[in-house]
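A.B. asks: everything below, folded, please.
(2 chains)
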There are 2 protein chains.
Amino acid sequence: MRSMTAGKLTVVGLGPGGYGQQTPDVTRALESADVLYGYAPYLARVPERVGQRRQASDNREELARAEAALLDAAAGLHAVIVSGGDPGVYGMAAAVCEALERGPAQWRELDVEVLPGVTAMLAVAARVGAPLGHDFCAISLSDNLKPWDVIEARLRAVATAGFVIALYNPISRHRPWQLSRALTLLAEHLDAARTPVILGRAVTRPTESIQVTTLANVDCNAADMSTCIIIGSAHTRLIERSGSAPLIYTPRSLTSPSSATR
Amino acid sequence: MRSMTAGKLTVVGLGPGGYGQQTPDVTRALESADVLYGYAPYLARVPERVGQRRQASDNREELARAEAALLDAAAGLHAVIVSGGDPGVYGMAAAVCEALERGPAQWRELDVEVLPGVTAMLAVAARVGAPLGHDFCAISLSDNLKPWDVIEARLRAVATAGFVIALYNPISRHRPWQLSRALTLLAEHLDAARTPVILGRAVTRPTESIQVTTLANVDCNAADMSTCIIIGSAHTRLIERSGSAPLIYTPRSLTSPSSATR
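C.D. replies: Numbering: from 1, shown residues only, chains lettered A, B, ... in the order given. Below is the predicted model of the structure:
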């Protein structure tokens, strides 16, 4: 047990899953933790160490998890909360801030650190080329914590303005229709037959899958909570290759590659 | 010298700068390279290795750099192009795709791999809490390759729709007025006195600087090409702490923290 003043809470992002894309800073924090908190499937990716306590919990219990970890830190422990991808992108960092703001005043004295990671859209994008090569946005399709009409307004705004769109939390058992409705809405603003769509899941893990299709042909059943979906803009291009998967990229310039000048 | 069939081009992201946030996959690719390409300041971060050739170039020569690396890969070498942050976010991955699409047909047979990294907005966000905790977007303020009116339309669209905004390439010697104009425009749509703004530079490097201010009080002279600026939404919150810097976060829920129910 450490002294009271040594207490610390570190929120880490494991990246997409494979250790090859987990940063050394995160690995070091995991090694020095007294107690680890996290959604069970993420925690399962962290090697067990003698003397470390583990508190796995369900993915709807973010705030309770954050509070428990803050209590441990206040008691002098080094508590580490693990998120998949980056903890600041639909991950545990915001939940920790929220718990800290609501909690006792002395929690504001705690040493709280966030260590970033490779978030899903970056890992998925890298697998197919550079679809996020120009202005882009991230939108969660979960309407558990925001009204659906806000999500629709946001989709409309960014599709019209020419952003590439990364959808997080696209579908779940409790949210079966939202993805299909979002894609229908996007098809009103984009050329559905020509807009590339990438469905990426479990990148760098043994179960990795990457599907490249068009907005007109997305199979919503191919997506789940772990899927990140990237929807191209009107400028996103697909390069066919014989013998390997196509490359997809959004050019740095808004003029076409053939006419772009240096 | 490797055989013709072993040629490969890997585009890697070094992350924000410190080795603690560079992924092991990237480190391995850098170690196995025959030749390294990159903008000189990024290349300078990679330890020198005997037998490796290096081609540093200016940051306006992305396409020529990509072509040279593709030529090396076509000649059987393992060429590695380094980007800061993530190579798919305003980095070299899109330039490689563009060069490949314009180039000779046989380049499409090459083994091209992109390895992601921690992009600037994630590294900056982690330093202050979780400002990207809800829907957000990335916009480059460089009008070298897209018209300024497109940038203004995009800023307007996302500010109105409630996104947190990360600005890349905010200012340079050749683009002195764009940042100020962008902030003025954003102030028409956001409460400038209350909207938190974070200016982050060189995170994890010895010259790291993080400034927290409000949209009304941004000093454009404090930014340069290496600065990533995060502009909060109407929901972004600031938690004052005595003895340490404030935490800034955008709640997962659109209702206020105090009224949010689990």
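A.B. asks: hmm, stretch A:105-122 touching chain B?
C.D. replies: Yes - Stretch A:105-122 reaches chain B (CB under 8 Å from any CB of the partner chain) through A:108-109, A:111-112, A:114-119, A:122. C-beta here means a position set from N, CA and C on the backbone, and glycine is covered the same way.
A.B. asks: determine which two of those are furthest apart.
C.D. replies: A:109 and A:122 (34.0 Å; CB to CB).
A.B. asks: okay, residue A:260: pLDDT?
C.D. replies: You'll see residue A:260 listed with a pLDDT of 38.
A.B. asks: spell out which parts of the stretch 151-262 of chain A neighbour chain B.
C.D. replies: Proximity of the stretch 151-262 of chain A to chain B (CB under 8 Å from any CB) is limited to residues A:153-154, A:157-158, A:160-163, A:237, A:239-244, A:247-255, A:257-258, A:260, A:262.
A.B. asks: so which of those residues sit within helices?
C.D. replies: A:153-154, A:157-158, A:160-161 (DSSP state H).
A.B. asks: now do the buried residues in stretch A:67-84.
C.D. replies: A:67-74, A:77-84 (16 or more other CB atoms under 10 Å in any protein chain shown).
A.B. asks: where does residue A:166 fall, secondary structure wise?
C.D. replies: For residue A:166, the host element (DSSP states H and E) is strand A:164-168.
A.B. asks: hmm, I typed the wrong one, I wanted residue A:146.
C.D. replies: Applying DSSP H and E, one finds residue A:146 in no helix or strand.
A.B. asks: what's the local residue count around it?
C.D. replies: Counted with other CB atoms under 10 Å in any protein chain shown, residues neighbouring residue A:146 total 20.
A.B. asks: over to residue A:175?
C.D. replies: Neighbours of residue A:175 (other CB under 10 Å): 16.
A.B. asks: surely it is in contact with residue A:148?
C.D. replies: No - using CB atoms under 8 Å, residue A:175 makes no contact with residue A:148, being 9.6 Å away.
A.B. asks: list the contacts of the closest residue to residue A:239 other than its chain neighbours.
C.D. replies: Closest residue to residue A:239 apart from its sequence neighbours, by CB to CB, 6 or more residues apart in numbering or on different chains: residue A:247 at 4.3 Å. If a contact means CB atoms under 8 Å, 6 or more residues apart in numbering or on different chains, then residue A:247 has A:128-129, A:238-239, A:241, B:97, B:100-101, B:112 as its contacts.
A.B. asks: out of those, show me where the pLDDT dips lowest.
C.D. replies: Among those, residue A:241 has the lowest pLDDT, at 94.
A.B. asks: if I look at it, how far off is residue A:44?
C.D. replies: 36 Å (CB to CB, to the nearest Å).
A.B. asks: okay, those two: which has more neighbours?
C.D. replies: Under the neighbour definition other CB under 10 Å, residue A:241 and residue A:44 were set side by side, and residue A:241 has more, 16 against 12.
A.B. asks: how far away is that one from residue A:250?
C.D. replies: The spacing between residue A:241 and residue A:250, counted by CB to CB, is 18 Å.
A.B. asks: re the thing from before, tell me which of the buried residues of stretch A:67-84 fall in strands.
C.D. replies: Taking DSSP state E as the definition of strands, these contribute A:78-83.
A.B. asks: thought residue A:172 was touching residue A:224?
C.D. replies: Yes - between residue A:172 and residue A:224 there is a contact at 7.3 Å, judged by CB under 8 Å.
A.B. asks: who's in contact with the closest residue to residue A:115 other than its chain neighbours?
C.D. replies: Excluding the flanking residues, the one nearest residue A:115 by CB to CB, 6+ apart is residue A:12, at 4.6 Å. Contacts for residue A:12 (CB under 8 Å, 6+ apart) come out as A:26, A:29-30, A:80-83, A:87, A:114-115, A:117.
A.B. asks: again, only this time at 7 Å
C.D. replies: Shown in contact with residue A:12 (CB atoms under 7 Å, 6 or more residues apart in numbering or on different chains): A:26, A:29-30, A:80, A:82-83, A:87, A:115, A:117.
A.B. asks: what ranges do the strands span in the stretch 101-250 of chain A?
C.D. replies: Remark: strands assigned in the stretch 101-250 of chain A by DSSP state E, counting those that start in this stretch are A:111-115, A:129-130, A:136-140, A:164-168, A:196-201, A:209-214, A:227-231, A:237-239, A:247-249.
A.B. asks: ok, which of those comes nearest residue B:204?
C.D. replies: Proximity to residue B:204 (CB to CB) singles out strand A:111-115 among those, at 10.2 Å.
A.B. asks: buried residues of that closest one, list them for me.
C.D. replies: A:112, A:114-115.
A.B. asks: just stretch A:207-215 next, same as before
C.D. replies: By neighbour count on 16+ other CB under 10 Å, the buried set for stretch A:207-215 is A:208, A:211-212, A:214-215.
A.B. asks: dump those into TSV; add pLDDT as well.
C.D. replies: As requested, the buried residues of stretch A:207-215 are exported to TSV (pLDDT from 0 to 100):
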residue	pLDDT
A:208	96
A:211	97
A:212	97
A:214	98
A:215	98
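A.B. asks: which helix or which strand is home to residue A:90?
C.D. replies: For residue A:90, there is no host helix or strand (DSSP H and E).
A.B. asks: ok, now how distant is it from residue B:110?
C.D. replies: Residue A:90 sits 35 Å away from residue B:110, going by CB to CB.
A.B. asks: more crowded one of these two?
C.D. replies: A count of neighbours by other CB under 10 Å puts residue A:90 above the other of residue A:90 and residue B:110, at 26 against 18.
A.B. asks: related to what we said a few turns ago, what is the nearest of the ones in helices among the residues of the stretch 151-262 of chain A next to chain B to residue A:143?
C.D. replies: Nearest member of these to residue A:143, counting by CB to CB, is residue A:154, at 11.7 Å.
A.B. asks: ok, and the closest non-adjacent residue to that closest one?
C.D. replies: Leaving aside its chain neighbours, residue A:154 sits nearest to residue B:161 (4.8 Å; criterion: CB to CB, 6+ apart).
A.B. asks: and the gap between residue A:188 and residue A:180?
C.D. replies: 14 Å.
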